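Novice: task: produce atomic coordinates for the following.
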Amino acid sequence: MKDRKLKSCPKNHTTPRIFVAGTRMNDGKTTTCLGLFAALQQKYSKVGFIKPIGQRFVKIDGQLIDEDSILLEKTYNVETPISSMSPIAIDGSFTKRYLDDPEKMGADLTDKVCNAFDRASWEKNFTLIEGSGHAGVGSVFALSNARVAKLLGAKAIIVSRGGIGQPIDEIALNKALFDQEGVEVVGAIINKVEANKMDMIRKYTSLALKRLSIPLLGLLPSEKVLTSPNLEQIRERVNGTPLNCVDEIRPRRFRHIVIGAMTVTGFLDTVPADTLLITPGDREDIVLAVLSNESHHTSGSIACIILTRGIRPSPALLERIVKSRIPFISVSTDSYTVASRIHSMTVKTQPGDDDKIPLIKKIIQENIDLNQIIDAFKPIKD
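Specialist: Numbers count the residues shown, from 1 in each chain. Here you go, the predicted model:
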């Protein structure tokens, strides 16, 4: 049954297609796809996109649609039905349903992926396929990333985070799974590389990847703005209640987090720009100092204040907070818990991130060898 499915699926065998995989979750697959799509549009008139297996989703018209497919559609207007860009979403009971009847459900899933790919690639000159996690993710229901790439007749790119030893080990492990399925790995991308280590990482990863017969397609520099949360993401993460309404032209991002437990004297002089301040709700001295500084300066270093432990300010102070241009959020938990939750956040790119998306396009264009990817689909000359 497996061989039969591989031979008959999909019907489209002509559109070049690349499968973007990661060595783990949150290594930069979506960032890479977002930038690659724009780069490919400079070479091809019509580019398609599909994320066959999704794990983070929202409900649209009764269907579970992966968030990354929504991001690509809203950013580029891919001209493909959104259900075809995101055919399968893994909800909480998905794996158990599959294991209860693997024969029937397995055939249905395979057909669903293949049919969606054919629709996503209809009249397209190139199709970008985004994986979900490492090459083995999905093995429990017989649709690992490596198998999906084989199923769709795609070649693969592996994205890993910055470093030398661990990234190379993980790339080698993932390549082994693609090799097992007969999927060609055309190159690797190293993401989130510190600027002062670019030359060193490039030298040694190139040497190590050469031993694995994997070309290095490029290094992506680490950019703080890509991992910095905005106000709405912070509010949702800490389950906070706004104390005032601040109209913003774009989402404010926070590059630094400070817990306000020190004395007020000299406090504001030591705080860098774009700082999120977390302080107990009864530290009115700190809040007053920030508000007083705001009244004397057009802009300040404190970009947002979270008041913890469920302690609301006094009526007089609350009146000043309501008039402030600084967002104030009240939460019921303590300062340490709030800081820990924010620190552990995974900041995903969203359709409205007009400060991030142009930067992502620029990073990919300047640091990835697109021609090397395209050349992988040219016929080999004798």
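
Novice: for the rest of this, base every contact and every neighbour count on C-alpha atoms.
Specialist: Fine.

Novice: can you pull out the low-pLDDT segments for the stretch 251-382 of the chain?
Specialist: Where the stretch 251-382 of the chain drops to pLDDT under 70, the residues are 251, 265-266, 297-300, 380-382.

Novice: could you pull out the helices for it?
Specialist: For the stretch 251-382 of the chain, the helices defined by DSSP state H, counting those that start in this stretch occupy 284-296, 315-323, 335-343, 357-367, 370-375.

Novice: what are the structural domain limits within this structure?
Specialist: For the chain, automatic domain parsing gives the domain ranges 2-223+350-375, 229-343.

Novice: for the ones you listed, which one ends up most surrounded?
Specialist: Among these, the stretch with the highest mean neighbour count (mean count of other CA atoms under 10 Å) is domain 2-223+350-375, at a mean of 19.

Novice: what about that one, distance to the chain center?
Specialist: Per CA atoms, centre = their mean, to the nearest Å, the displacement of domain 2-223+350-375 from the mean C-alpha position of its chain is 12 Å.

Novice: would you mind measuring from the residue nearest to I129 when sequence neighbours are not counted to L276?
Specialist: Distances taken as CA to CA, 6 or more residues apart in numbering place F19 nearest to I129, at 4.6 Å, with adjacent residues excluded. Distance from F19 to L276, counting by CA to CA, to the nearest Å: 38 Å.

Novice: before we move on, the earlier item: the residue nearest to I129 - that's part of a strand, no?
Specialist: Yes. Judged by DSSP: H, G, I helix; E, B strand; the rest coil, F19 forms part of a strand.

Novice: what sits opposite it in the beta ladder?
Specialist: F19 has these beta-bridge partners by DSSP bridges: I129, A156.

Novice: contacting residues for it?
Specialist: 128-131, 149, 154-157 (CA atoms under 8 Å, 6 or more residues apart in numbering).

Novice: check contacts around the residue nearest to R320 when sequence neighbours are not counted.
Specialist: Nearest residue to R320, sequence neighbours excluded (CA to CA, 6+ apart): L291, at 7.8 Å. L291 makes contacts with 320-321, 324, as judged by CA under 8 Å, 6+ apart.

Novice: what does K197 give?
Specialist: The contact partners of K197, taken as CA under 8 Å, 6+ apart, number zero.

Novice: distance of it relative to S222?
Specialist: Taken as CA to CA, the span from K197 to S222 is 10 Å.

Novice: what's the average pLDDT for the one helix or strand I201 maps to?
Specialist: Element membership for I201 (DSSP states H and E) is helix 198-211. Computed over helix 198-211, the mean pLDDT rounds to 95.

Novice: and that helix, what does it pack against?
Specialist: helix 165-181, strand 216-221 (3 or more CA pairs under 8 Å, 6 or more residues apart in numbering; DSSP states H and E).

Novice: send the alpha carbons of the last one over as PDB?
Specialist: The C-alpha trace of strand 216-221 is given here as PDB (Å, rounded to 0.1, in the frame of the first residue of the first chain):
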ATOM      1  CA  LEU A 216      25.800  25.500   3.100                       C
ATOM      2  CA  LEU A 217      23.100  27.700   1.600                       C
ATOM      3  CA  GLY A 218      23.700  30.600   4.000                       C
ATOM      4  CA  LEU A 219      23.800  31.900   7.500                       C
ATOM      5  CA  LEU A 220      21.000  34.100   8.900                       C
ATOM      6  CA  PRO A 221      22.100  36.700  11.500                       C
END
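
Novice: cool, thanks, talk later.
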